[in-house]
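Engineer: how would this look folded up:
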Amino acid sequence: MTDPGRQEAIERAWRELVATACRTAADGLVVGTSGNVSVRSGDLVLVTPSGVPYDRLAEEEPVAVDLNGRQVLGDLVPTSELPLHLEIYRRTDAAAVVHTHAVHATAVSTLVPELPLIHYMSAMFGGPVRVAEYATYGTPELAANMWEALCDRTGCLLRNHGTVTYGNSLDQACDRTAQLEWMCRLWLTASSVPGREPTLLSTAQVDEVARKLTGYGQRP
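Structural biologist: Numbering: from 1, shown residues only. Prediction:
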């Protein structure tokens, strides 16, 4: 790689990826080396390597593949969930993907086919967050099941496994993961009260919030 500008962009993307991976651990969204993070840099996808503690990643060379999954940078083996990440990059304009084993979200994935509309921030994901059918980790079958649940959404649950979210930046993808885990915890808490059922929002109410969110935050 001879282009200094490209090299600098890759190194910057790697630093941001490492920071995001460490954030998922600090936020309790993963345990040990579970979960994985990726970010797109030009025609490459940088990914966390398999089985390497996140606090060690800053010492390692960037690990990158092309969209066909061919490793082009680094000596460490990419995450075993590479098919899951590449499925999203091939089908969307995602800039980053975060996969975790967040405990409340994983618990919800074992109970329902989609997360009930317990909070209006379901709009962040494009509507009710679906649960993908179970398949063994790291397989094309899991990637296909994930996409079926993820289609027209920005996040989904993987049955008996965890979460997948994507966004136009690592921060956005990670924020969506944290929001999803919070909503799952909220629903589990509300639905655990004996003799009571939590009130849920309608799709129309969530759609109205989605329209409002398009103008949320500070203007450039």
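Engineer: can I assume residue 105 is in contact with residue 163?
Structural biologist: Yes. Here residue 105 reaches residue 163: they are 4.7 Å apart, a contact under C-beta atoms under 8 Å. All C-beta atoms are positioned from the backbone trio N, CA, C, and that covers glycine.
Engineer: And the most far-flung residue of the chain relative to its centre, what's its pLDDT?
Structural biologist: In the chain, the residue that sits farthest from the middle, by C-alpha atoms, centre = their mean, is residue 195; the gap is 34.3 Å. pLDDT for residue 195: 96.
Engineer: which residues touch residue 210?
Structural biologist: 123, 126, 127 (C-beta atoms under 8 Å, 6 or more residues apart in numbering).
Engineer: Now stretch 133-148: buried residues?
Structural biologist: By 16 or more other C-beta atoms under 10 Å, the buried positions in stretch 133-148 come out as 135, 142, 143, 145, 146, 147.
Engineer: now this protein, which segments are flagged as low pLDDT?
Structural biologist: 1-2, 216-220 (pLDDT under 70).
Engineer: does the nearest residue to residue 150 once chain neighbours are set aside have beta-bridge partners, and which?
Structural biologist: Leaving aside its sequence neighbours, residue 150 sits nearest to residue 156 (C-beta to C-beta, 6 or more residues apart in numbering; 4.5 Å). Applying DSSP bridges to residue 156 yields these beta-bridge partners: residue 164.
Engineer: Might you report the residue contacts of residue 156?
Structural biologist: 129, 130, 131, 132, 146, 149, 150, 163, 164.
Engineer: which of those has the most neighbours?
Structural biologist: Neighbour counts for those, by other C-beta atoms under 10 Å, peak at residue 164, which reaches 33 neighbours.
Engineer: that older thread, with secondary structure added, can I get the buried residues of stretch 133-148 in JSON lines?
Structural biologist: JSON lines is the format used below for those (DSSP: H, G, I helix; E, B strand; the rest coil):
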{"residue": "135", "secondary structure": "coil"}
{"residue": "142", "secondary structure": "helix"}
{"residue": "143", "secondary structure": "helix"}
{"residue": "145", "secondary structure": "helix"}
{"residue": "146", "secondary structure": "helix"}
{"residue": "147", "secondary structure": "helix"}
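Engineer: Max pairwise distance over the residues you listed: which two?
Structural biologist: 135 and 147 (11.7 Å; C-beta to C-beta).
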